[in-house]
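task: produce atomic coordinates for the following.
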Amino acid sequence: MSDTMFAIRTPQHDFPLGTLASCVGTMGTAAYALVSEWWHRYHSRLELASYSHEQRKDLGFSADLDREIGKLFWNK
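Next up, the predicted model:
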């Protein structure tokens, strides 16, 4: 036998599936949070739009409410 040494594959040398899964999980969590926020904005604006003109006047700042209702869901 020769004295040649071969490197032994250790878990550190394998493909980092745990790291990949963690990244995918983090991206999924961030995407869920973003879509959830958009969903809440959309429903809040639908609720504001369902108010009558008189109810909007009672809330005050009718022009601001109309502007808020007209925004797209991804705009704050």
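
buried residues in the longest helix anywhere in the chain?
As assigned by DSSP state H, the longest helix anywhere in the chain is helix 17-50. Going by neighbour count (16 or more other C-beta atoms under 10 Å), the buried part of helix 17-50 is 41, 45. In short, each C-beta sits where N, CA and C put it, glycine included.

packing partners for whichever helix or strand comes after that helix?
Next helix or strand after helix 17-50 toward the C-terminus (DSSP states H and E): helix 53-59. Applying 3 or more C-beta pairs under 8 Å, 6 or more residues apart in numbering; DSSP states H and E, we find helix 53-59 packed against helix 62-70.

hang on, the earlier thing: show me what the longest helix of the chain is packed up against.
In terms of contacts (3+ C-beta pairs under 8 Å, 6+ apart), helix 17-50 is packed against helix 62-70.

quick one: the helix it packs on to helix 17-50, angle?
Using axes from the mean of the first three to the mean of the last three C-alpha atoms, to 10 degrees, the direction of helix 62-70 lies 140 degrees away from that of helix 17-50.

got a list of contacts for helix 62-70?
Contact with helix 62-70 is made by 45, 48, 49, 51, 53, 56, 59, as judged by C-beta atoms under 8 Å, 6 or more residues apart in numbering.

okay, the residues you listed in CSV with pLDDT next?
Output for these, formatted as CSV (pLDDT from 0 to 100):
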residue, pLDDT
45, 87
48, 85
49, 86
51, 86
53, 84
56, 81
59, 79
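
out of the residues you listed, the closest to residue 26 would be?
For the contacts of helix 62-70, the closest approach to residue 26 (C-beta to C-beta) belongs to residue 45, at 29.1 Å.

so who does the closest one touch?
68, 69, 71, 73.

next, format those residues as TSV and append pLDDT.
Below are the contacts of residue 45 laid out as TSV (pLDDT from 0 to 100):
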residue	pLDDT
68	84
69	83
71	85
73	74
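
now render those residues as a markdown table, adding neighbour count.
Below are the contacts of residue 45 laid out as a markdown table (neighbours: other C-beta atoms under 10 Å):
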| residue | neighbour count |
| --- | --- |
| 68 | 15 |
| 69 | 16 |
| 71 | 11 |
| 73 | 14 |
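
in TSV: these, plus distance to residue 33.
Shown next, in TSV, are these (distance: C-beta to C-beta, whole Å):
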residue	distance to residue 33
68	22
69	24
71	20
73	15
